[in-house]
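In: sequence unknown, structure follows:
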DNA sequence: CCCTGATTCGC
DNA sequence: GCGAATCAGG
């Protein structure tokens, strides 16, 4: 692979968005994070942040994006582990996680809201009425207390991406415990997310 | 251990 | 110019 104009453009864009070198490398493909970092330096895009600014560099205050683009699927598809778990086993939230470099540093103190009903019609993805083994639920509750409470950006391929809390408030985070190899969730959450769909009995409710 | 960016230096 | 190896951290 070579640094075509297009690839360089992607690199610049992502770097300025604050994406890590490894993330950029993954996105581009065919290059390692080292290659990305090397290129970043050659392009003169280093990120000096230290408090003291030599006073020569001033441009690029990183203006707030005009179109904030609400979190992709993270919000709308966010399952409610506590009450109605089981996010789509197929479409793991990882994709949505990849984006959103700036999750807005918390804001609204307490907006007038009652229930979170993600606008739009997309609400069906909910096999709902799920029967999760009591033990699975129990371990999940337990685990949630030990959750690392990671933010979107802190998630990696090895951290549990199970969302906890209400996405519409600051009271929201991701489990973050070590995920099972190849799985998007930790042991406890995998147990709730991937149900054999077998033990399905009638359920008074 | 996982991850980050920074630097060096042979190619 | 490129990027693996290495360094220096969190």
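Out: Noted; the coordinates are in hand. All values derive from a computational prediction rather than experimental measurement. Residues are numbered from 1 along each chain as shown, chains lettered A, B, ... in the order given.
In: Return the residues of chain A in contact with DNA strand C.
Out: Within chain A, the positions near DNA strand C by C-beta under 7 Å from any atom of the strand are A:1, A:2, A:3, A:31, A:32, A:34, A:35, A:37, A:38, A:39, A:42. C-beta here means a position set from N, CA and C on the backbone, and glycine is covered the same way.
In: May I see the residues you listed arranged in CSV, with secondary structure as well?
Out: Formatted as CSV, the residues of chain A next to DNA strand C follow (DSSP: H, G, I helix; E, B strand; the rest coil):
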residue, secondary structure
A:1, coil
A:2, coil
A:3, coil
A:31, coil
A:32, coil
A:34, helix
A:35, helix
A:37, helix
A:38, helix
A:39, helix
A:42, helix
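In: Could you turn the buried ones of the residues you listed into a PyMOL selection?
Out: For the buried members of the residues of chain A next to DNA strand C, the matching PyMOL selection, counting by 16 or more other C-beta atoms under 10 Å, is:
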select buried, chain A and resi 31+35+37+39
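In: how about the helices in chain A?
Out: A:5-16, A:21-28, A:33-42, A:73-76, A:94-98, A:134-146, A:187-193 (DSSP state H).
In: closest to residue A:152 out of those helices?
Out: helix A:94-98 (5.8 Å; C-beta to C-beta).
In: Let's test this: mean pLDDT of the closest one, rounded?
Out: The average pLDDT for helix A:94-98 rounds to 40.
In: again with stretch A:27-35
Out: 93.
In: got the contact list for that stretch?
Out: Here stretch A:27-35 makes contact (C-beta atoms under 8 Å, 6 or more residues apart in numbering) with A:1, A:7, A:10, A:11, A:14, A:19, A:20, A:21, A:22, A:24, A:25, A:36.
In: Next, see if it gets close to DNA strand B.
Out: Yes - using C-beta under 7 Å from any atom of the strand, stretch A:27-35 comes into contact with DNA strand B via A:33, A:34.
In: which regions of chain A lie under the pLDDT threshold?
Out: Applying pLDDT under 70 to chain A picks out residues A:47-132, A:196-205.
In: How about the residues of chain A by DNA strand B?
Out: So far as C-beta under 7 Å from any atom of the strand goes, chain A lies against DNA strand B at A:19-23, A:33-34, A:37-38, A:40-41, A:46-48, A:156-158.
In: are any of these buried, and which?
Out: By 16+ other C-beta under 10 Å, the residues of chain A next to DNA strand B give A:19, A:21, A:23, A:37, A:40 as buried.
In: and of those residues, the nearest to residue A:139?
Out: Closest to residue A:139, out of all of these and judged by C-beta to C-beta, is residue A:23, at 31.1 Å.
In: how about the nearest residue to that closest one, chain neighbours excluded?
Out: residue A:14 (7.1 Å; C-beta to C-beta, 6 or more residues apart in numbering).
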